[in-house]
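Trainee: no sequence for this one, just the structure:
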Ligand SMILES: Nc1ncnc2c1ncn2[C@@H]1O[C@H](COP(=O)(O)OP(=O)(O)OP(=O)(O)O)[C@@H](O)[C@H]1O
Ligand SMILES: Nc1ncnc2c1ncn2[C@@H]1O[C@H](COP(=O)(O)OP(=O)(O)OP(=O)(O)O)[C@@H](O)[C@H]1O
Ligand SMILES: [Mg+2]
Ligand SMILES: [Mg+2]
C-alpha cells in the first residue's frame, strides 16, 4: 500500500529524511516513532503530497505520488485521511462543518452528511458540540475533531500525526481503540507517536526514525 | 501569588469553570490536571488576562486582574511567562526572534538579548536552530521554542499549558527538569498536563479539574 | 448548484468583514468611474450646444434675385453636413445691425434697407465641425460663385476644435487612469482578502478539495459582491445626480440649454452592473487561482 | 529609535507582499488625485485665456474731444478691476469695420472717417469676471455719462460664467469623490493588511507588548509606504505629463496659448509627498489601533 524507496528530503542544507526505504502492507497498522525532529511529520507529508522528496520514490497503492501532476493530488488525498499534528481545522467553522468538509469535497450527498457526521463525532466523544465553532474548542477537543475528520470518509489509508498529544490517558486509549477498529475494517494505519505506554499496550510494528534515518523495530510482545 | 475566589467562567450557556477557588503560594509548583475540556486552559487564560471571569476574583500578586484596565495588562503579562497549548509562535520569524520578542517587549538591551537568547535555546536543545523560521519547525521543536520564550525573561510566574504534549519521553523529562530548576530559583510554576507518568516522577501538588469544578489532590509520594 | 450557493453563503457569513469590504471597494471604484462618465456626458452636452453657435454666414452678392437666394438655401439644406440653413434678407440684416450697434442706426437709415447684403446662416451637424471640414465646406460655397463672402469665424472654429481635442485627451487620460487605477485597487483588495484566508484555502486543499471546488464559492461571492457593489454605486450616483441637479437648477438652462442634468441611460447602468458583476467574479477567481498555484 | 527602525524593517521584510501592496495602493490613489489636479490646472489655464476675450467696449459720444478720451482711459486704467484699457479712435474703428465686413467698405467710405464712434476696449482682471461684477462695472461706466453705449457681450459673459461654475461644481464633485473614494480604498487595503497579520498582533499582545510597542513599527511602515507611494506617483505623473506634452505639442499653442503643459509646481509636489507620508502613517496607525482595541 505504501512503499518508500531510498527517500531523501532536504530543506536547504538540513536533511529531514536520509535514504529511508520502508513498506506498509494493505491493512497493516504501523507506528512511526523517534525523537522530536527525527522526520516523522516530514515522512507523512510525503505520503499526502504536501512535500515532494528530494530524491527517491514514494508509492501509494502503486502510483508514484512524487511524479504526480498537482491536478491529480486531490484524488489521492481523498483516499488518505490525515490527523495533522497541528490539527489544521477551520477555526471559524463549526465542528460539524469541519468534519463534513472531508465528505463534501468527495461530493457526498446531504443524506450521507447527516448520517456520517454525528456518528463519527459520537465516536470521538464530541456529540453535542456539533455547532460549536472549532476555534474556541479546547486543545484535546480540537484534536478529536481532527481525528473525526480524518476517519469520516472511510479512507483506504489513515495517517495520524501525534493524535493523542493533547489527550489525557483514558481518552488516548479510546483513540487508539478507534484507530485499531478502523484498521480491523481494512484501513492501512500509520501513527506517529511518542507515547511508549500506548505502543506497549497496543502493540504493532514500529518504524523508528532517528535524525532522518530508519531503524526498524519488531513489535515486542 | 495566585488566588482565585469563586471563579466562574461561562461561554454562552457553557460553563468552562464553575466556582473554582484555589491558591498557589509564591515559589510553589503546582500541576493542573483533568480530562480534555475540563477547563485547564481557561483557568490559565484568566491568569494572563486573555479572558475575564464571568464572576469571582482573580488575584495575581495582590492585584485583581479581572478589574484591571486593558492598558495595564501588558505590565502583568511581562511577569507571567506562558507556554501556550498551541505555541502561538510568529511563524515568519526566526527561532531567535521569537524568543527575543519576550525580552524586547520589556525593553531589554541588545546586550541582554545576545546573552539570554542563545543561553535559553541551549537549555531547550535548540542550539544551532536560531536562524530557522519558526513556522517550518517540527511540532516538538516549536513547543520547545514556546518554552524558551516563556522562561527567557525570568518571569515571577510561569504558566505551562501541556508543555510536553509533542515531546518524546526523554525530552519531556528534560522539560520537567527545566521547569523544576526554574521553580527552585523562586518562580511560581503552574503546569497543565495529562502526563501521569511525569507527575509521578516529579511529584508536586495537583489541582484536578473535572467539568470546570476543582477536585484538589495531595501529591502522592 | 444549490450546494455551491450554500457554500458561498457560508463563506460570506464567515468572513462578513472581508465580503463587505470587497463589495464596498467595488462600489467605490464603480462610483468613481460612473461619476466620471456622468460628468463627461454632461460636458459633452454642453459643448454640443456651443457647436450650434459655430455657424457659417454666406453673403449673397448685391442684387441677387430672391428666387436664386431661396434656390441656394434649398440646395445647401440638402447637403449631408448641414443641420439647418436660415435665410436672412437684407432688411433683416439691417434691423439686426441696428440692434447690435445702436450708434450706427442713423447711418443705416441714411443708407436705406438694402445697405447690407442678404445672407444664409448655416449650422453644420456636430460631426462635421472639425477645422478641416468647416474650411472645406466654406470653400465649396465660395467656389459655387453666388456669394460675395463666406464667413465662418475661422478662429472660433479652430479654437473650439482644439479645445475639444485637448479636453478629450485629458478626459481619456483621466478616465483611463481612473479605470486602471481602480481596477488595481480592487484587485489588490481582493488579493489581500484571499491572503487573509490563506490558511483556510491550504486546509481545503489538504483534505482533498479540487481547485474547482475551492474556486466556485469565491467566484460566486465575487459576483455577489460585484452585484451589490454596482447597485450601491448606482444608488449613490443617483443621489449625487439629484443633489447636483437641485444645486445647478438655476444654472442649467444657461449652461446646458436644458432644465435637466443628464443621468446615465439604462444601457449604461446595465453595463455598470455587468462590469461590476463580471469584474468581481473575475478578480476573485484570478486571486484564488493564483494563490492555489502557490500551494503544494 | 534605531530599534524601532530595525523592527520596522523586519516587519517590512517579513510581509514584503503586504508592504508593496500598501505602497502601490497609495501610489495609485495619489496618481489619480495628482492627475486630476494636473488636468484642472491646465483647463484652468485654458479658461483664463478665454477670459481675456471677455472685454467691455465703451463707445464715446460723437465729437468727444481727444483729451477727454485720453483722460477717461487713464481714469479707467486706474481702477482695481481693470487689467488693460485700449483706446480705439474713430479712424481705427472704421478700418476694423471695413476689415470685418468688406461688403460695407463702400458705405463706410461714403460716410467719412468719423462715421463710427471712438471707443475704449477694456479687459477686466480674471477675478472680476463674474456676471454681477461685469454688469456693475459696465453700469458704473454708463453712469459716468461720457459714453453713448457700454457693450460687454451680456450673453457671452453670462454663459462663460455659468460654464465655469458648472465646470467648477463638476470638478469639485469629481475631485471630492476621487479623494474620498481613494482614501476609502487605501484605508480598506490597509485594514485588510492588518487583518492578514491579526495572529501576529494577538501574539505580541499576549507576550506583554504595549500598544505603543506594536503600533510604532506599523506607523513607521505606513510613513515609508506613503513616501515610496507618493514618489512613485510623482514619477508616473511626470512620465504622463511628458508623454501628453509630446502628443499635444501641436495643439497646445492654440488651446492653451503656450507651448507648455503646466506640471505641478514644487509646493504641490511637496504637498503630495506630505499627504502620502502622513496619510500612510495615519491610516496604518488607525487600522492597528482599531484592531488592538478588539483584542483582550
Ligand atoms: N520547511 C522546512 N525547512 C527547514 N527545515 C525543516 C522544514 N520542515 C521540517 N524541517 C526540519 O526537519 C526536521 C524533521 O521535521 P519533522 O517535522 O519531520 O520532525 P518530527 O519527527 O515530526 O518531530 P516532532 O516529533 O517534533 O513533530 C526538523 O528538524 C525540522 O526542523
Ligand atoms: N470561547 C469559547 N466559547 C465556547 N466554549 C468555549 C470557549 N472556550 C472554551 N470553551 C469550552 O470550555 C471548555 C473548557 O475548555 P479548556 O480549553 O479550558 O479545556 P482544557 O481543560 O484546556 O482541555 P484540553 O485538555 O483539551 O486542552 C471546553 O469544553 C471548551 O470547548
Ligand atoms: Mg512532527
Ligand atoms: Mg487546554
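Mentor: Cool, got the structure. If you're wondering where the values come from, they're calculated on a predicted model, not measured in any experiment. Ligands and ions are numbered 1, 2, ... in the order given.
Trainee: give me the neighbour count for whatever residue of the stretch 101-250 of chain C ends up closest to chain A.
Mentor: Proximity to chain A, evaluated over the stretch 101-250 of chain C using CB to the nearest CB, is greatest for residue C:208 at 3.7 Å. To be clear about C-beta, it is placed using only N, CA and C from the backbone, and glycine gets the same treatment. Residue C:208 has 25 neighbours, counted by other CB atoms under 10 Å in any protein chain shown.
Trainee: and the one 10 residues further on, by the same measure?
Mentor: Here the count is done by other CB under 10 Å, and residue C:218 has 24 residues near it.
Trainee: what's stretch C:185-195 in contact with?
Mentor: Stretch C:185-195 has contacts (CB atoms under 8 Å, 6 or more residues apart in numbering or on different chains) with C:15, C:18, C:21-22, C:25-26, C:29, C:201, C:218, C:222, C:279, C:283-284, C:286-288, C:290-291, D:17-18, D:21, D:24-25, D:28-29, D:182, D:185-186, D:188-189, D:192-193, D:195-196.
Trainee: strands of chain A, start to end?
Mentor: A:2-11, A:14-24, A:29-33, A:55-60, A:63-64, A:80-83, A:157-161, A:188-192, A:205-210, A:213-217 (DSSP state E).
Trainee: spatially central residue for chain A, please.
Mentor: In chain A, the residue lying closest to the centroid (CA atoms, centre = their mean) is residue A:159, at 2.1 Å.
Trainee: residue A:85 touches residue A:162, doesn't it?
Mentor: Yes - under the criterion of CB atoms under 8 Å, residue A:85 makes contact with residue A:162 at 4.9 Å.
Trainee: joint contacts of these two?
Mentor: Among the neighbours of residue A:85, those also in contact with residue A:162 (CB under 8 Å, 6+ apart) are A:192, B:139, B:166.
Trainee: which of the contacts of stretch C:185-195 are buried?
Mentor: Listed as buried from the contacts of stretch C:185-195 are C:15, C:18, C:21-22, C:25-26, C:29, C:201, C:218, C:222, C:279, C:283-284, C:286-288, C:291, D:18, D:21, D:24-25, D:28-29, D:182, D:185-186, D:188-189, D:192-193, D:195-196; burial here means 16 or more other CB atoms under 10 Å in any protein chain shown.
Trainee: and the pLDDT at residue 118?
Mentor: Using chain A here. Confidence at residue A:118, expressed as pLDDT, is 96.
Trainee: sorry, I should have been clearer: chain C.
Mentor: Listed pLDDT for residue C:118 reads 83.
Trainee: quick one: it from chain D, how far?
Mentor: 11 Å (CB to the nearest CB, to the nearest Å).
Trainee: how about residue 57, what does it touch?
Mentor: No chain specified, so I'll use chain A. Contacts for residue A:57 (CB under 8 Å, 6+ apart) come out as A:3, A:4, A:5, A:6, A:7, A:64, A:66.
Trainee: oops, I was thinking of chain C
Mentor: By CB under 8 Å, 6+ apart, the neighbours of residue C:57 are C:119, C:120, C:121, C:122, C:150, C:151, C:152.
Trainee: shouldn't the first one be in contact with residue C:86?
Mentor: No - using CB under 8 Å, residue C:119 makes no contact with residue C:86, being 9.0 Å away.
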